[in-house]
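Engineer: Model the following, please.
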Amino acid sequence: MVSVSGQKTVVVLGLRSGTSLLVSMLQDIGIYAGSNLKSSTLHNKHGHFEERDIKAENDDMLVALGKTSPHSIVSPEELDELPFKYFASCKQIINKHRKDIWTIKNPMLVWTIPVWDTLLDNPHYILCTRDPESNKKSLVKMNEGKPIPEGWIETYWDTAQKHLEGKKYMEVDFDEMIDSPHKTLEGVLRFLEYEPWGKDFEKAMQRVDKAERHFEGGK
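Structural biologist: Residues are numbered from 1 along each chain as shown. Reported below is the predicted structural model:
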């Protein structure tokens, strides 16, 4: 049995900063993450915990705006040009997955928050952050050693902060989540006003693998 204070959507944002780990832990204690999740890859061996149709819809929106590179940048003004049909299709997907409490997670949602935010039930945002140098090194590793376009990473995080101004959101630090996962999870549950009665945190804690950190403090 769980206790949820009102219907809400948990939107987890961030890039190479523990988003998959956090959603996997939330799923372990009873928060729905999806029914057709993106499978594991070389750079995310435990799975991405991203609903495939939400990712596909968001990707389609970016393509419609001419953003075909994984390192594209979308301005708020460009979002104003998005065809209305995407609002309708996003709503259909949301209706398909809606629960009393559930998660949406995809790094590229950062660019389209203003669209999704108008359609979601009581969105609560969690921004997973990370030491900038470690974050950059992890991204370059995922990019097979190729450099990330100058300024893209900084613009990504700046855009996230700007889109979340005035919204219900909290930040979760990657290193703190790795070092103190139980404390981190308790903080998230307080923010969500969610009580997982009868749920054991043990399975969620077993998700944490400090070897997955890759880089510490810019080393």
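Engineer: pLDDT on stretch 196-214, on average?
Structural biologist: On average, the pLDDT along stretch 196-214 is 77.
Engineer: now stretch 56-71
Structural biologist: Rounded mean pLDDT across stretch 56-71 is 95.
Engineer: Go through it and flag the buried ones.
Structural biologist: 57-58, 61-62, 65, 67 (16 or more other Cβ atoms under 10 Å). In this view, the C-beta of every residue, glycine as well, is placed from N, C-alpha and C.
Engineer: Kindly report the same for stretch 137-144.
Structural biologist: Buried residues in stretch 137-144, counted by 16+ other Cβ under 10 Å: 137-140, 142.
Engineer: just the residues you listed now: which is nearest Glu51?
Structural biologist: Among those, Met142 lies closest to Glu51 (Cβ to Cβ), at 20.7 Å.
Engineer: which stretches of this protein have low pLDDT?
Structural biologist: 1-6, 38-47, 210-219 (pLDDT under 70).
Engineer: Which members of the buried residues of stretch 56-71 are positioned in helices?
Structural biologist: The helices, defined by DSSP state H, take in 57-58, 61-62 from the buried residues of stretch 56-71.
Engineer: between the residues you listed, which is nearest Met108?
Structural biologist: Asn58 (5.7 Å).
Engineer: Any chance of the backbone angles for the residue lying farthest from the centre of the chain?
Structural biologist: Of all residues in the chain, Gly198 has its C-alpha farthest from the mean position, at 26.2 Å, by Cα atoms, centre = their mean. Phi and psi for Gly198, reported as degrees, to the nearest 10, are phi 80, psi 0.
Engineer: and what of Thr155?
Structural biologist: phi -70, psi -40.
Engineer: Then His124?
Structural biologist: According to degrees, to the nearest 10, His124 has phi -120, psi 120.
Engineer: How about Leu185?
Structural biologist: Dihedral angles phi and psi of Leu185 (degrees, to the nearest 10) take the values phi -60, psi -40.
Engineer: State the distance from it to Arg98.
Structural biologist: Look at Leu185 and Arg98: by Cβ to Cβ, to the nearest Å, they are 24 Å apart.
Engineer: just Thr184 next, same as before
Structural biologist: 26 Å.
Engineer: can you check Trp157 too?
Structural biologist: For Trp157, the distance to Arg98 - Cβ to Cβ - is 29 Å.
Engineer: looking at it, Leu13 is touching Val110, isn't it?
Structural biologist: Yes: with contact defined as Cβ atoms under 8 Å, Leu13 reaches Val110; the gap is 5.6 Å.
Engineer: where do the contact lists of these two overlap?
Structural biologist: Ala160 (Cβ atoms under 8 Å, 6 or more residues apart in numbering).
Engineer: elements contacting whichever strand or helix holds Ile113?
Structural biologist: Per DSSP states H and E, Ile113 falls inside helix 113-117. If you count contacts as 3 or more Cβ pairs under 8 Å, 6 or more residues apart in numbering; DSSP states H and E, helix 113-117 packs onto strand 8-13, helix 76-79, helix 85-97, strand 123-129, helix 152-164.
Engineer: Turn these into CSV, including distance to Asp209 and mean neighbour count.
Structural biologist: Shown next, in CSV, are the helices and strands packed on helix 113-117 (distance: least, Cβ to Cβ, whole Å; neighbours: other Cβ atoms under 10 Å):
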stretch, distance to Asp209, mean neighbour count
strand 8-13, 19, 24
helix 76-79, 37, 12
helix 85-97, 28, 14
strand 123-129, 16, 22
helix 152-164, 24, 17
